[in-house]
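Engineer: 3D, please:
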Amino acid sequence: MPTSTPDPRLLSIQDYTYTLPADRIASEPLPNRDQSRLLVYREGHISDQTFQDLPAELPADALLVFNDTKVVQARLFCHKPTGGQVELFCLEPVAPHRAVELAMQQTSGCVWKCLVGNGKRWKSGPVQLVFQAHGQPASLTAERLEATDGYSLIQFRWSPEALTFAEVLRGAGHLPLPPYLNRDDTEADAVRYQTVYASHEGAVAAPTAGLHFSEAVLAALSQRGISTARVTLHVGAGTFQPVKAAHMADHAMHGEPFVVQAAVLRQLLAHQPKPILAVGTTSLRTLESVYWLGVQAAEGHLAVDSIPHVTQWQPYTPGSSLPTADALQALLHYLDTQHLDSLHATTQLLIAPGYHFRVVQGLVTNFHQPESTLLLLVAALLGPDWRRVYEHALTHDYRFLSYGDSSLLLPYKL
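Structural biologist: Below you'll find the model as predicted:
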């Protein structure tokens, strides 16, 4: 079982690094999703498999939870009247809706927070992009309303006005590949940088642990009787942000919206105390955030007039030892009293060594960047053995990062 540190705020990010040679970063996906390699860590023992072996490696009574978010084509290459190019990277909606699902269905116009490339050359006035939607000509106009903290608020308007913003992005945008790939997106990425079960548009980065799943692997899970469930967390660009602070107390965790159906909460409750495994760090953060919202509900602190939210440090303040089942029941009671069939919330939860897992007992995940919050999460699950896992992956020619190989991490006896 992982050892704990007294307070993750005291951690130095430099203690969670390793040397990642550039040639170990996978720049392209493999020809077939499920032929990636699979490192299996089981109670301290490491073995080498392929991803097709995953169903046989899982505990027979496990519940496997997927993140079914879908990556949107969030990069827009617009042009000034003089011909110069301005890149807009859509991060999150601002108006008229802040909820991603509603914002994607907005027609005629909207405001989003964006990163702006070549922004210094864009002094004033609108920029434009001409594209095709449903085989017909369309146009998008963008105007900067204000700039602050490295971001800009961008007013978008488009024609035909009946198009939704989701349709605009599908016709006008490009996939936001991770910056470390250092290449433009291709037609192949449009398929391979999505999971086969992606359903809800809103992410600007893929939940990459899910990229290995093929229809054949999903069918094998069903044949083995492995239970599955889906949550939705829209992965934000903050997932790529390096930790620049020397100590974690000075690092501001990015927030991300998520949705969990009441039926899934009931499924999680009914599965107690059998093992629950997360496909990817985003699914894991969602599941653990659900617990902390359940604590808020049990204590009568869950917001009824605003979107429920898990703060970065909630688990690390003197707090609750509420059993997981009780937290889930409290959250279901909250939804019932509010006449809701799904939980819409946001989370800034930072999972780092010292964290005590309440919902998840294992993880399917890729190999993450040095000095990243994703690596901290793995270290929280495995304890000091995270180094042994990464050293094994490096010395046994595993491929790293988004298009890289996978691992199944089972630190406890299940």
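Engineer: what is the mean pLDDT for the longest strand that the chain contains?
Structural biologist: The longest strand of the chain (DSSP state E) is strand 136-148. What strand 136-148 shows for mean pLDDT is 93.
Engineer: what residues sit buried inside the following helix or strand past it?
Structural biologist: Where DSSP states H and E defines the elements, the next helix or strand beyond strand 136-148 is strand 151-159. Judged by neighbour count using 16 or more other CB atoms under 10 Å, the buried positions of strand 151-159 are Tyr151, Ser152, Leu153, Ile154, Gln155, Phe156, Trp158. Yep, even glycine has a C-beta here, placed from its N, CA and C like the rest.
Engineer: now do stretch 396-409
Structural biologist: Tyr398, Arg399, Phe400, Leu401, Ser402, Tyr403, Gly404, Asp405, Ser406, Ser407, Leu408, Leu409.
Engineer: okay if I get these as CSV plus pLDDT?
Structural biologist: Compiled in CSV, those are given as follows (pLDDT from 0 to 100):
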residue, pLDDT
Tyr398, 98
Arg399, 98
Phe400, 98
Leu401, 97
Ser402, 96
Tyr403, 97
Gly404, 97
Asp405, 98
Ser406, 98
Ser407, 98
Leu408, 98
Leu409, 98
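Engineer: show me which pair in the residues you listed is furthest apart.
Structural biologist: Spanning the widest gap among the buried residues of stretch 396-409 are Tyr403 and Leu409, at 19.5 Å by CB to CB.
Engineer: where is the longest helix in this structure?
Structural biologist: For the chain, the helix that runs over the most residues, judged by DSSP state H, is helix 281-298.
Engineer: after that helix, which helix or strand is next?
Structural biologist: Immediately after helix 281-298, counting by DSSP H and E, sits strand 309-310.
Engineer: would you map the helices across the stretch 1-150 of the chain?
Structural biologist: 54-57, 100-104 (DSSP state H, counting those that start in this stretch).
Engineer: need the buried residues of stretch 396-409 in a markdown table with distance to Val65, can you?
Structural biologist: Converted to a markdown table, the buried residues of stretch 396-409 look like this (distance: CB to CB, whole Å):
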| residue | distance to Val65 |
| --- | --- |
| Tyr398 | 24 |
| Arg399 | 25 |
| Phe400 | 24 |
| Leu401 | 22 |
| Ser402 | 20 |
| Tyr403 | 23 |
| Gly404 | 22 |
| Asp405 | 21 |
| Ser406 | 16 |
| Ser407 | 17 |
| Leu408 | 14 |
| Leu409 | 14 |
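Engineer: quick one, helices of the stretch 151-300 of the chain?
Structural biologist: Remark: helices assigned in the stretch 151-300 of the chain by DSSP H, counting those that start in this stretch are 165-172, 187-192, 215-223, 262-271, 281-298.
Engineer: closest to Gln241 out of those helices?
Structural biologist: helix 281-298 (14.0 Å).
Engineer: and the average pLDDT for the closest one is what?
Structural biologist: The average pLDDT for helix 281-298 rounds to 97.
Engineer: how far does it sit from its chain's centre?
Structural biologist: Offset of helix 281-298 from its chain centre (CA atoms, centre = their mean, to the nearest Å): 14 Å.
Engineer: now stretch 133-153: buried residues?
Structural biologist: Ala133, Ala138, Leu140, Ala142, Arg144, Tyr151, Ser152, Leu153.
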